[in-house]
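A.B. asks: show me how the following folds:
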Amino acid sequence: MAEGSEIDLSSLQDEISALEAQITKQGAEVRTLKKDSASDADAIGKAVDALKELKVKHAELSKKMDEVSGEKDTFNRKVFDQLVLRKMFVVPSFEIHGGVKGLFDLGPPACALKAAMIDTWRKHFILNENMLEMECTCLTPEPVLKTSGHVDRFTDLMVKDVETGECFRADKLLEDAIDVLIESNPTMPTEEKDDHLRVQRQADAFSPTEIDDLLIKYDCKGPSGKPYSPSFPFNLMFKTSIGPEGTSVGYLRPETAQGLFVNFKRLLEYNAAKMPFAAAQIGLGFRNEIAPRSGLLRVREFCMGEIEHFVNPADKSHPSFESVKNKALVLFGSDDQLGSGKTKTMSIGDAVESGLVNNQTLGYFMARTQLYMEKIGMDPKRLRFRQHLKTEMAHYACDCWDLEIESSYGWVECVGHADRACYDLDVHSKATKTPMLATQTLDKPIDKTFAKLKLNRKVLGKQFKADQRIVGGLLEALAEDWDTFEPVATALETDGKTTVDGYEITQEMVTWEKKTKKVHEVKFTPSVIEPSFGMGRILYSLLEHSFYQRESDEQRCVMKFNPQVAPNKCAVLPISSSPEVNAVVDKIASSLMDTDLSVIVDKSTASLGRRYSRADEVGVPFAVTVDFETLTDGTVTLRERDSTVQIRLPADEIPRLIFDIVHSRTCWEEAKSKYPVVTVDEDGKGSAPSDSGAKTVIEATSRGKFTRPAQSIL
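C.D. replies: Numbers count the residues shown, from 1 in each chain. Alright, predicted model coming up:
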């Protein structure tokens, strides 16, 4: 490419990055306006129009960028999709019955790949970090999810076709109806068109009554031709009943975290009350998506791996942070999203020190996540951490970073890293009147002011009956620190009564005395640092990152899985169907399986090259070929998938070599330096290219195969 073109590309990329920052900033403004009930429709409309203009300009610049660079997307989605389906990585669930959107089955290779990913995840996080692993039930009672906020979250207004019962999302119907109206009336006056667009922009903000009136106004009718039913809220959780009476409401959990939060007290006790500590869980989550799409990226049932790291909110340092502080990450901070639109590559140590990442524990898990992704074979160039904007974060969150993986669908959020502060334990503690506290022993005792209470049990019992103990516990908890009890004391002295967690307390119920004592330990509600992994999204991204077509033959597809997570570690192939050769094949396969290495044995009559290709398509990293020379000297060839280079070595050394490579104790380059490299034409004919580096070559004749030096010695 000419120097002038490089300059054009650079300036174009800068312009695109700046425009992306403007789009992010404008999108944040639109979300803020829609959340603010005081915002008028005109202000929202202008903000949305400005956002649309920016997106149009971005599309034009991106198209120009492609034209100038002349680069084409090398990822062939059609061939990829065909391979994934043909080799049964992923198939639609209940396919012969027509299938169900958002539900997929994993076939043998993907099932083994997922198991290897999870096994690596468990070793990388749970075992290495001494985490406490749990397996909690998928069925969750309504009060738990009501407390966490999930029952009131994930709701959209829905309507039904009164005859067929088919459900539709009300705001989308309204938006589509307005689009049809405007498109079918090209001469519509501008003022009238703007009125319709203003309604469309607010479609997701209307109340049920308002949207019902608008659906009638715009003559929205169901497939049956009749008006839709009145709108009703639709919760994206799967609702069910627990028990035969049907009176106890439950849900399939939308996340795994709540089971860990409600077990915090027992986990802390199991951990001998030591803080900080982490609990982890791998399991299924469920979400009743209205419009599932993008394959495994948006489904109704998904596997999650979640970690809840409980830490003192006053000290969020991590004892192992030094081990990862020099790890470089690609960071897309909120200021950069709203400013330059460009990412920054910096060490996590510098990011924490500068305050870009809130604390060491959050930064530690971000770095460990990056290392995990690299370990399973994700392309590091297509990984980045994006910080949540203020408009995206919950009010209680301190900082949030998503690991995003670039795929053919763009940048996809696959792992969330959130500092959730004390919110989760606080809400469950208040709802159940159960203290969720940890204790820290102080190096030196300190003076602490508290309130010494004298409860009037007779008055409390008469007023609160069965709740007497709960009320007493609340008052005693407040009295542990004078700063928390002082507002209660002031209100009782001034007004003679006050309210504590919904209970009205009167002056005759309690007396107190301000005291000071030496304190050797302090109690606190832990903060939670939560890395949350979407295993299905990671699995799909890994499939895309691993797929390629050989340059020599685009019909030959390869999945370049790392040996550590490859579904099968080795293929064993006979050059002949003779009983003697097959006996050796079975012996080698058995020895590999005895070493806990999964094996494919292909004794079909297809050519050797075809069998190699079959193994490549499911990502088998190594292939052992048993030939006639094996019967005479006990050696076999070992082929590496991506380079197609082969070495010759004794058959009884195969299991140990592959085991060591799979467990990162050695590598293929070391194996090539230890054993002689041979070159074999994968159609069965010997050849030795001058630049292959092979020391010997296998020649094929009608009488069998033999080896000779790759270079002439004459």
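A.B. asks: quick one: the helices in the stretch 101-250 of the chain?
C.D. replies: Residue ranges of the helices in the stretch 101-250 of the chain, as given by DSSP state H, counting those that start in this stretch, are 108-121, 142-148, 170-183, 190-201, 208-217.
A.B. asks: would JSON lines of those helices with mean neighbour count be doable?
C.D. replies: Placement of C-beta: from N, CA and C, glycine included. Formatted as JSON lines, the entries for these read as follows, by neighbours: other CB atoms under 10 Å:
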{"stretch": "helix 108-121", "mean neighbour count": "19"}
{"stretch": "helix 142-148", "mean neighbour count": "19"}
{"stretch": "helix 170-183", "mean neighbour count": "18"}
{"stretch": "helix 190-201", "mean neighbour count": "15"}
{"stretch": "helix 208-217", "mean neighbour count": "16"}
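A.B. asks: is it possible to get CSV of the ones you listed that adds mean pLDDT and distance to I654?
C.D. replies: Below are those laid out as CSV (pLDDT from 0 to 100; distance: least, CB to CB, whole Å):
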stretch, mean pLDDT, distance to I654
helix 108-121, 96, 20
helix 142-148, 93, 52
helix 170-183, 87, 58
helix 190-201, 80, 65
helix 208-217, 91, 67
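A.B. asks: just put those in TSV and tack on distance to L33.
C.D. replies: Putting the helices of the stretch 101-250 of the chain into TSV (distance: least, CB to CB, whole Å) gives the following:
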stretch	distance to L33
helix 108-121	40
helix 142-148	28
helix 170-183	17
helix 190-201	10
helix 208-217	18
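A.B. asks: identify the residues contacting S347.
C.D. replies: S347 makes contact with K325, N326, K327, A328, L329, according to CB atoms under 8 Å, 6 or more residues apart in numbering.
A.B. asks: try it again at 10 Å.
C.D. replies: S347 sits next to V324, K325, N326, K327, A328, L329, E353, G363, A367 when contact means CB atoms under 10 Å, 6 or more residues apart in numbering.
A.B. asks: before we move on, back to that, which among the helices of the stretch 101-250 of the chain is found nearest to D447?
C.D. replies: Of all the helices of the stretch 101-250 of the chain, it is helix 142-148 that lies closest to D447, at 36.4 Å by CB to CB.
A.B. asks: which strands and helices sit next to the closest one?
C.D. replies: Secondary structure elements in contact with helix 142-148, counted by 3 or more CB pairs under 10 Å, 6 or more residues apart in numbering; DSSP states H and E, are strand 239-242, strand 248-252, helix 257-262, helix 423-432.
A.B. asks: just the buried residues of the contacts of S347.
C.D. replies: With burial judged by 16 or more other CB atoms under 10 Å, the buried subset of the contacts of S347 is V324, K325, K327, L329, G363, A367.
A.B. asks: show me the residues you listed that map onto strands.
C.D. replies: Assigned to strands by DSSP state E, the following of these qualify: L329.
A.B. asks: of all the buried ones among the contacts of S347, which two lie farthest apart?
C.D. replies: Within the buried ones among the contacts of S347 (distances taken as CB to CB), the two that end up farthest apart are K325 and L329, at 11.2 Å.
A.B. asks: from S577, how far out is S340?
C.D. replies: Computed with CB to CB, to the nearest Å, the distance linking S340 and S577 is 64 Å.
A.B. asks: ok, which of the helices and strands packed on helix 142-148 comes nearest L197?
C.D. replies: strand 239-242 (35.8 Å).
A.B. asks: how about the CA coordinates for that closest one, as CSV?
C.D. replies: Extracted as CSV, the C-alpha positions of strand 239-242 are listed here (Å, rounded to 0.1, in the frame of the first residue of the first chain):
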residue,chain,number,x,y,z
LYS,A,239,-42.3,-18.8,36.1
THR,A,240,-43.6,-22.0,37.7
SER,A,241,-45.2,-23.3,40.9
ILE,A,242,-43.6,-25.3,43.6
